[in-house]
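Student: This is the structure alone, sequence omitted:
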């Protein structure tokens, strides 16, 4: 039964990867393109509440620099996170990325503007 559930999660993630949603690799590459000293509200990385196999970045109240956000994103690549209700999930460059507070389902990240604003869409 667990294998069936795992297979379903993989198939659902593949569908999300084919959407307009950014992956962790997209986030890393976009952050590398931006001036490293501009402000951005991209916070800490964690397993996403909606799909534990996906990654979420917490929205910040106070911005940090793109350079700091890039370090966080690069650190998440290959790291294993605990799911909201348990389990371990390793993130990779092709992992879909969300923008949400801990424990909440949020919105899909679909871009980052030249000014460092996070562009989102409700894909749930």
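Tutor: Noted; the coordinates are in hand. Here the structure is a predicted model, which means the values were calculated and not measured. Residues are numbered from 1 along each chain as shown.
Student: quick one, strands of the chain?
Tutor: 39-47, 55-65, 80-82, 88-90, 97-99, 107-112, 118-121 (DSSP state E).
Student: buried set for the second one?
Tutor: Along strand 55-65, these residues count as buried under the neighbour rule (16 or more other CB atoms under 10 Å): 55-59, 65. Placement of C-beta: from N, CA and C, glycine included.
Student: Show me which of these is closest to residue 100.
Tutor: residue 56 (4.9 Å; CB to CB).
Student: Please identify the most buried of the strands of the chain.
Tutor: Among the strands of the chain, ranked by average contacts under mean count of other CB atoms under 10 Å, first place goes to strand 97-99 (a mean of 24).
Student: residues touching the nearest residue to residue 76 once chain neighbours are set aside, list them.
Tutor: Of all residues beyond its chain neighbours, the one nearest residue 76 is residue 45 (4.0 Å), with distances taken as CB to CB, 6 or more residues apart in numbering. Shown here is residue 45, whose contacts under the criterion CB atoms under 8 Å, 6 or more residues apart in numbering are 55-57, 72-73, 75-76, 79, 81, 91.
Student: Could you list the low-confidence segments of the chain?
Tutor: In the predicted model, the chain carries pLDDT under 70 at residues 1-2, 4-19, 124.
Student: distance of residue 114 from residue 120?
Tutor: Counting by CB to CB, to the nearest Å, the gap from residue 114 to residue 120 is 16 Å.
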